[in-house]
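the following block contains a protein sequence and its predicted model.
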Amino acid sequence: MLLRGHREPTSEHCGQCARLGLGTQKHRGEVSKLRFVRYPASGASVSAVPLSRSVTSGDALNAYLALLSPGGPTSFLEAAMRDARAAVTGSPLALWLGTLGYLVAVEQIGHTVRLASAAPRNGVGNRKSFEEAAKEFGDPSLTGADRGILYDVRCALAHEYGLTGNHKVFIYARTGALIHRPLSGALRINLVEIWTYVEKLVERVRAEHARGAVAIVDGVRPEDVFAMQFSVVP
C-alpha cells in the first residue's frame, strides 16, 4: 500500500521524529464502543486529496477534524486514532504501538491547531506542540509535569520502543492511576488511562471546533492542513 502526502515532515531533537500520522480503538471493554476500520484491500493504494479550489481555514479545519466517512477522505488525525484503536483491541494486542499512536495524535494536534482563545503559537517544536495541545485540550487536572511525563513516554516508545525516555524509566501497566510516582525508581504509567485521556482530548478538540473556538497555528496555511488527508484508491 502506497502512502503519499503533501506535507514534508520536520525533524528536531527530542526529537529526530517527524510529524508521524500513526493510527488508533480502545482496550477490550474500554474501547468496544469505538469504531473499527479495516485497512484497504490488498492492491489498494492511498493517495493525497487534490486541491480543486482555494481553501479557507474553515474548510481546512472541517477536513482535519472530520470523523471517518466510508468512501470519503481520511484525515491524518482520524488515521492516527483509527490505527491506535485497532492496535489496542486487535488480536494479538499491540499495546505499546497503540499507545504510541495515541500520543503521536496529541503531538500532531499541537503542530496543527490551537484554541482560538489561547496565546498565538506557531506549532514548532515536538515537545512544545505536544504539551500545548495537552494543556489546551486535555484533562485540566494534569499538571505541566504530568504533561511532560506523557511526552517522555512518547519519546521512549518512538525512539527506542522501550521503557526509557529523556532520562526517565517507566513501568507500563493497565491498572492504577495514569501516572504513579514512587519515592524512587521507575514511574508507573497506566497505558489504558493514556488511551482514555487522548480519546477525551480529541473529543474536546472536535467539540471546541463545533463552537468555532479552534484556530490553525501560526505559520501553517489552510492548504497545508487541508492536505493532511488521503483517499483509498484501487
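Cool, got the structure. Residues are numbered from 1 along each chain as shown.

direction included, what does the helix or strand hosting Ile171 pair up with?
Element membership for Ile171, per DSSP states H and E: strand 168-173. Applying DSSP bridges to the sheet, strand 168-173 is found paired with strand 164-165 (antiparallel), strand 187-190 (parallel).

where does Phe230 land in three-state SS?
Following DSSP: H, G, I helix; E, B strand; the rest coil, the label given to Phe230 is strand.

for it, give me the pLDDT.
pLDDT for Phe230: 89.

that one and Leu67: what is the separation?
Phe230 sits 15 Å away from Leu67, taking Cβ to Cβ, to the nearest Å as the criterion. All C-beta atoms are positioned from the backbone trio N, CA, C, and that covers glycine.

neighbour count: these two, which is higher?
A direct count of neighbours by other Cβ atoms under 10 Å for Phe230 and Leu67 places Phe230 higher, at 22 against 11.

hmm, the more buried one is touching Glu78, no?
No: if you go by Cβ atoms under 8 Å, Phe230 and Glu78 don't touch, sitting 10.2 Å apart.

does Val214 touch Ala116 like I think?
Yes: at 6.2 Å, Val214 counts as touching Ala116 under the criterion of Cβ under 8 Å.

tell me, what's touching those two both at once?
When Cβ atoms under 8 Å, 6 or more residues apart in numbering defines a contact, no residue borders Val214 and Ala116 alike.

neighbour count: the two, which is higher?
Neighbours were counted for Val214 and for Ala116 using other Cβ under 10 Å; Val214 has more, 26 against 14.

which residues touch the more buried one?
In this structure, Val214 makes contact with Leu61, Leu65, Val113, Arg114, Leu115, Ala116, Val205, Glu208, judged by Cβ under 8 Å, 6+ apart.

filter those residues down to the buried ones.
Among those, those buried by neighbour count (16 or more other Cβ atoms under 10 Å) are Leu61, Leu65, Val113, Arg114, Leu115, Val205, Glu208.

of those residues, closest to Glu131?
Arg114 (12.2 Å; Cβ to Cβ).

tell me what whatever helix or strand the closest one lives in is packed against?
Using DSSP H and E, Arg114 sits within strand 113-115. Helices and strands touching strand 113-115, by 3 or more Cβ pairs under 8 Å, 6 or more residues apart in numbering; DSSP states H and E, are helix 126-137, helix 191-210, strand 214-216.
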